[in-house]
Structures are given as C-alpha cells and as structure tokens.
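> fold the following.
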Amino acid sequence: MGGTEHLTVQREGATLVLTLNRPESKNALSLPMLVGLYDGWLAADEDEEVRSVVLTGAGGCFCAGMDLKALAGKGMEGEQYRDRMTADPDLHWKAMLRHHRPRKPVIAAVEGHCVAGGTEILQGTDIRIAGESATFGLFEVRRGLFPIGGSTVRLPRQIARTHALEMLLTGRPYSADEAARIGLIGRVVPDGTALEAALAVAEQINACGPLAVEEVKASVYETAEMTETDGLAAELKRGWPVFATADAKEGARAFAEKRPPVYRRH
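Next up is the predicted model:
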C-alpha cells in the first residue's frame, strides 16, 4: 500500500490513514517521511475508492517539526530518497501541504507534540481534532529561524491576526484548549482518542456524495480571498453541475425510499 520507513499507510474502509512513524524522534520530519507523505497525498487523490484522509502520528506524538540535527549539517536519514528530491525540488513543500492541496478532505488526529513544522502541516489540513494534552506552537523564532512552511501567510487567514502574530512572534507553546479557543483546532477529546474521533468524522464524510464533498471543499478554498460577489458567482459554477450528476439523483431517490444512498462518483 506504499509508505516508507517513516510514514505508514493503511486503509480503514474508504479512509486512507497516513501515520508519521518516527516516534523515537517525536516524528520529526525526515526525508523518508516527506517522500511518504507526498506519495500518500497523491495516492489519495488518484484512488477514487478513497473518500477521506486522516493524518496522525505514532507513539502519542504528532510531529515535532524539522529534524534540527539534520538542519545543522549532521545528515538526514533516507539518503536513498535523495533522487526524488533532485527530480522534484518542490517535493518537501508538497508533502507539507504548502504547495499541494488534496482533493479529498484531510482530518488531523493530534496527540502530544504538534509544533514547528507540525503546526505548519496542520494548517494544510481541513478538520483538526486533538487530545487534551496536545501541544502546539511555532517555535522557529526561538531558534533564529523563519516558519517558512507557510505560517506567516496561512495562519493570519485561519485565526485572528492578533492570535497569529502572538504565536508567530513569541514562539511559545499552546495547550489544546487554548488552540481550540483561538480556532487553530476544532475539537479537543480525551487523550488517546483523537484518531478514533477523526475516523468517526471521516466515516460521516464517506457516507456523503463524494463529488459533492470534493466540490464543496474546492469552493471553500477557491473563494476564500474573493469578494462576496465574485465568490458567490464562483460557487454557482462549481455547485450547479453537481445537481446534474447521477449521485445527486441517487441521494434524492435514497431519501425518498428511506435507505442509505449508494454513490458511484458520477
């Protein structure tokens, strides 16, 4: 099913689960992890049987960001993947969802540390659920670095600017409760249950019309920076064709017949 030594891939029904799997390093980003992530996003886009994606981390941790030892010049694991980076110098940004947006909804299931690059990847996900002991933050300025994974652009568009600037400029940690209060994540659940909660949300999404789901997601992002007038016009262009699909007819028919719909992506 793909994956690498630092990124596992498995199917849970119509959901593709991508797990950052380097727990001994708090799932710090590595070359094998980045390659696995990018391949995972592509696999989800290309497999029409996949209707949602859950991103999580192994060992009770989401992601502690970039491997600072590697950044300091002490080498990065997975040199056998170096040719992938040479062939596509943008691969790491696509893996981190900076330069790639999957068609399918992406749900983050966060436990433990989700900081620096972890918080940057998080901003590329659509729905975010975290265990109550999870920790968030953009620590780059504390190390004299810049959060170049997109945070100075995306974070002020996702949460209030005052909260975004405080997070960006102080480099301090945020609890799950505070992250939910400022809108960085959507829900806090008991520790150890974030993946279960994310899979439950994925199942609800999977039960909906897949074409409708994809077009709704696309419309939200496409119109985010438009004026209301332009956004409403763009929404009609995406929305009206959905009503003409066989899936739309199946949804209405199933409602009338009081049965679950059987969607076939057409």
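
> ok, residue 185 touching residue 130?
Yes - taking Cβ atoms under 8 Å as the definition, residue 185 is a contact partner of residue 130 at 5.0 Å. Using the backbone N, CA and C atoms, a C-beta is placed for each residue, glycine as well.

> who's more crowded, the two?
The neighbour count for residue 185 versus residue 130, taken as other Cβ atoms under 10 Å, is higher for residue 130 (31 against 25).

> report the separation between the more buried one and residue 226.
Note on residue 130: its distance to residue 226, by Cβ to Cβ, to the nearest Å, is 30 Å.

> same thing with residue 54?
With distances taken as Cβ to Cβ, residue 54 is found 30 Å from residue 226.

> more neighbours, these two?
With other Cβ under 10 Å as the criterion, residue 54 and residue 226 differ in neighbour count, and residue 54 comes out ahead with 25 against 13.

> for that one, what are phi and psi?
Main-chain torsions, residue 54, degrees, to the nearest 10: phi -110, psi 130.

> please name the residues that touch it.
By Cβ atoms under 8 Å, 6 or more residues apart in numbering, the contact list for residue 54 reads 12, 15-18, 106-109, 195, 198-199, 202.

> out of those residues, which is most surrounded?
Scoring those on neighbours with other Cβ under 10 Å, the highest-scoring entry is residue 198 at 29 neighbours.

> Three-state assignment for that residue, please.
Classification of residue 198 by DSSP: H, G, I helix; E, B strand; the rest coil places it in helix.

> that one and residue 131 touch, don't they?
No - with contacts counted by Cβ under 8 Å, residue 198 stays clear of residue 131, the gap being 10.8 Å.

> show me where the protein dips below the pLDDT cut-off.
Filtered on pLDDT under 70, the chain yields the residue ranges 1, 68-78.

> which residue is nearest the centroid of it?
To find the centre residue of the chain, average its C-alpha atoms and take the closest one (Cα atoms, centre = their mean): that gives residue 125, at 2.6 Å.
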